[in-house]
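[1] I would like to see how this sequence folds:
(4 chains)
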Protein chains: 2
Amino acid sequence: MSASGAVEGDERRRDAERTKSELLAVATEEFARRGLSGARVDEIAARTRTTKRMIYYYYGGKEQLYTAVLEKAYGEIRAAEQDVDVAHMDPVAAIRRLAELTFDHHEAHPSFVRLVGIENTHDAVHIARSPTLSNLAAPALDVIGQILDAGREAGAFTVEADALDVHMLISSFCIFRIANRHTFGALFGRDLADPALRGHYRAMLGDLVVAYLTSGHGD
Amino acid sequence: MSASGAVEGDERRRDAERTKSELLAVATEEFARRGLSGARVDEIAARTRTTKRMIYYYYGGKEQLYTAVLEKAYGEIRAAEQDVDVAHMDPVAAIRRLAELTFDHHEAHPSFVRLVGIENTHDAVHIARSPTLSNLAAPALDVIGQILDAGREAGAFTVEADALDVHMLISSFCIFRIANRHTFGALFGRDLADPALRGHYRAMLGDLVVAYLTSGHGD
DNA sequence: GCGCTAATGTACGAACTGGTACGTTCATAC
DNA sequence: GTATGAACGTACCAGTTCGTACATTAGCGC
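    Sure thing, here's the model as predicted:
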């Protein structure tokens, strides 16, 4: 990949799959950077070894390309969530592990976080219209459910916390740290994504989730 | 206000302040709804009793109008934060009160939340360029600092939690619930902004913050 | 080889969009 | 009442931007 972000290398040969995925990769960068209306179809094509014509040939249009970008990005996240094996861990350690894993994932995929934000400014209509995405149940929920059950049984988790709420709690912390780092930094002068603070916030998230689940509130 | 969102009423008379604020109000709606690049200058003008010309006359351009919108929106939030009087409350009750106040504020101002998200997709460059905004220290931080000090002194808060981190925690929860409600709803089928769930999440936030501050983690 | 279709490239256009040149009208000072 | 500048409106332009008509080429089946 060149400094300009364009995809290069290899001779130009006819390859449908390659053209499609190259388009998708560049579009992901471009949409994440500029937003749906901010991104330019010509610009996406220019950063590719193919032409704008191919976007319409393979995807049909700007919005469909954007939807394909979302589908790929969410697909990757879901796939990553799969390889968590917390079934036979201590519940407290397990939930902390899961939180840290989510933390690491968002940190490693800032463009995914940006896309989520962008899709929200569009009221998630593209997700709603995509059968692939709207039927995408979160496997992570099952994992959380298992951990919560085990924790309650062991007497470690005193409350009847909802799995989806725990997921929401973890997501809100992880996403905010990445998504809102610019406004937060500009307003308060602290870069939430500062590598020096990474460990601090990672630990804070774990502490937070564990504290919430082990405190005796709600009685 | 008509069904189309346009401002009406009163006869047309020359009134600079009125024209400016009307422009600002409509622009706030429009930018919050469509984003910076998605919003149309012509559309903003059309929903006003004045014309596009006035946007350039008073604000200079689209981006400056957008910046003015941000300044007004943040100004309102900061002003609202002022009238919190938690100085002589029990620290635990005080921090819960502050969290709930933030919760209510974000719930009542969804377009502010949207603007924050939009500004983040633009790397907060408009905030950074605005002296008004970049110098806007958060009075809320002082409040949190006071509560934290009182709580530590009373022995209620066992940890040395940072005021800015507590603010971040509260913000992340409140903002996520509003900002990400569309993607969350589309993916998991739960509307985080459902009025029926409002009390639940409001209580959850309080529990969360208190649990974090009163747990003995970090030792 | 040869034909046939998928894949690709070029050139162009129609609509949109931010911004402005220029002219007009209102309100206030005196 | 009238001079003067602030406030406002109209018409328009130049650049942009999504999308497409049309031409072309490469690779696969036979």
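
[2] tell me which helix or strand A:Glu71 sits in.
    Here A:Glu71 sits within helix A:62-82, counting by DSSP states H and E.

[3] what of A:Val113?
    helix A:110-121.

[4] contacts for that helix?
    A:28-29, A:31-33, A:35-36, A:69-70, A:73-74, A:76-77, A:106, A:126-127, A:175, A:178-179, A:193, B:35, B:38, B:114, B:117-118, B:120-121, B:179-183 (C-beta atoms under 8 Å, 6 or more residues apart in numbering or on different chains). To be clear about C-beta, it is placed using only N, CA and C from the backbone, and glycine gets the same treatment.

[5] how close does A:Leu115 get to DNA strand C?
    To DNA strand C, A:Leu115 is 22 Å away according to C-beta to the nearest atom of the strand, to the nearest Å.

[6] and for A:Phe112?
    Per C-beta to the nearest atom of the strand, A:Phe112 is found 26 Å from DNA strand C.

[7] go on, A:Ile170?
    On the measure of C-beta to the nearest atom of the strand, A:Ile170 and DNA strand C end up 38 Å apart.

[8] now do the buried residues in the helix or strand that contains that residue.
    If you go by DSSP H and E, A:Ile170 is part of helix A:163-179. Neighbour-count burial for helix A:163-179, counted by 16 or more other C-beta atoms under 10 Å in any protein chain shown, picks out A:163-179.

[9] stretch A:43-58 now?
    By 16+ other C-beta under 10 Å, the buried positions in stretch A:43-58 come out as A:43-45, A:47-50, A:52, A:54-55, A:58.

[10] relative to A:His182, how far out is A:His200?
    For A:His200, the distance to A:His182 (C-beta to C-beta, to the nearest Å) stands at 19 Å.

[11] and those two? Which one has more around it.
    Using other C-beta atoms under 10 Å in any protein chain shown as the criterion, A:His200 and A:His182 rank with A:His182 on top: 22 against 12.

[12] quick check on the closest residue in space to the more buried one that isn't next to it in sequence: phi, psi?
    In this structure, A:His182 finds its nearest non-sequential neighbour in B:Ala124, 3.5 Å apart by C-beta to C-beta, 6 or more residues apart in numbering or on different chains. The phi and psi values for B:Ala124, taken as degrees, to the nearest 10, are phi 60, psi 30.

[13] count the residues that sit near B:Ala124.
    Burial of B:Ala124 is recorded as 23 neighbouring residues (other C-beta under 10 Å).

[14] ok, it touching A:Gly185?
    Yes - counting by C-beta atoms under 8 Å, B:Ala124 touches A:Gly185, with 6.9 Å between them.

[15] in stretch A:138-152, what's buried?
    Per 16+ other C-beta under 10 Å, stretch A:138-152 contains these buried residues: A:138, A:140, A:143-144, A:147-148, A:150-152.

[16] tell me which residue is most central in chain A.
    Geometric centre of chain A, nearest residue: A:Phe112, 4.5 Å, by C-alpha atoms, centre = their mean.

[17] okay, it: pLDDT?
    You'll see A:Phe112 listed with a pLDDT of 97.

[18] and if you look at the one 5 residues further on?
    At A:Gly117, the predicted lDDT confidence score is 98.

[19] do A:Gln82 as well
    72.

[20] could you pick out which of the buried residues of helix A:163-179 are near chain B?
    Contacts with chain B are made by A:164-165, A:167-169, A:171-173, A:175-177, A:179 out of these, judged by C-beta under 8 Å from any C-beta of the partner chain.

[21] from the residues you listed, pick the one nearest A:Leu213.
    Comparing these against A:Leu213 with C-beta to C-beta places A:Leu169 closest, at 9.6 Å.

[22] secondary structure class for the nearest residue to that closest one once chain neighbours are set aside?
    In space, and not counting its chain neighbours, A:Leu169 is closest to A:Val209: 6.5 Å by C-beta to C-beta, 6+ apart. When classified by DSSP: H, G, I helix; E, B strand; the rest coil, A:Val209 comes out as helix.

[23] same check on A:Arg49?
    What three-state DSSP gives for A:Arg49 is coil.

[24] just the closest of the buried residues of stretch A:43-58 to B:Ala87, please.
    Using C-beta to C-beta, the buried residues of stretch A:43-58 come closest to B:Ala87 at A:Glu43, 53.5 Å.

[25] hmm, back to that, in the helix holding A:Glu71, what counts as buried?
    A:62, A:64-74, A:77-78, A:80-81.

[26] does that helix come close to DNA strand D?
    Yes - counting by C-beta under 7 Å from any atom of the strand, DNA strand D has neighbours in helix A:62-82: A:62-63.

[27] so who does A:Leu141 touch?
    Under the criterion of C-beta under 8 Å, 6+ apart, the contact list for A:Leu141 reads A:163-164, A:167, B:188.

[28] which helix or strand contains A:Arg53?
    Assessed by DSSP H and E, A:Arg53 sits inside helix A:52-58.

[29] which pLDDT does the model give the spatially closest residue to A:Ser130 that is not a sequence neighbour?
    Nearest residue to A:Ser130, sequence neighbours excluded (C-beta to C-beta, 6+ apart): A:Thr67, at 5.6 Å. A:Thr67 carries a pLDDT score of 98 in this model.

[30] same thing with A:Thr28?
    We have a pLDDT of 98 for A:Thr28.

[31] give the contact list for the residue nearest to it when sequence neighbours are not counted.
    Distances taken as C-beta to C-beta, 6+ apart place A:Val69 nearest to A:Thr28, at 4.9 Å, with adjacent residues excluded. By C-beta under 8 Å, 6+ apart, the contact set of A:Val69 is A:24, A:27-28, A:31, A:115.

[32] apply 10 Å and report the result again.
    The contact partners of A:Val69, taken as C-beta atoms under 10 Å, 6 or more residues apart in numbering or on different chains, are A:23-32, A:36, A:39, A:59, A:111, A:115, A:118-119, A:126.

[33] nearest spatial neighbour of whatever residue of chain A ends up closest to DNA strand C, skipping sequence neighbours?
    Per C-beta to the nearest atom of the strand, A:Ala16 is where chain A lies closest to DNA strand C, at 3.1 Å. Distances taken as C-beta to C-beta, 6+ apart place A:Tyr58 nearest to A:Ala16, at 7.8 Å, with adjacent residues excluded.

[34] can you give me the distance of A:Thr183 to DNA strand D?
    24 Å.
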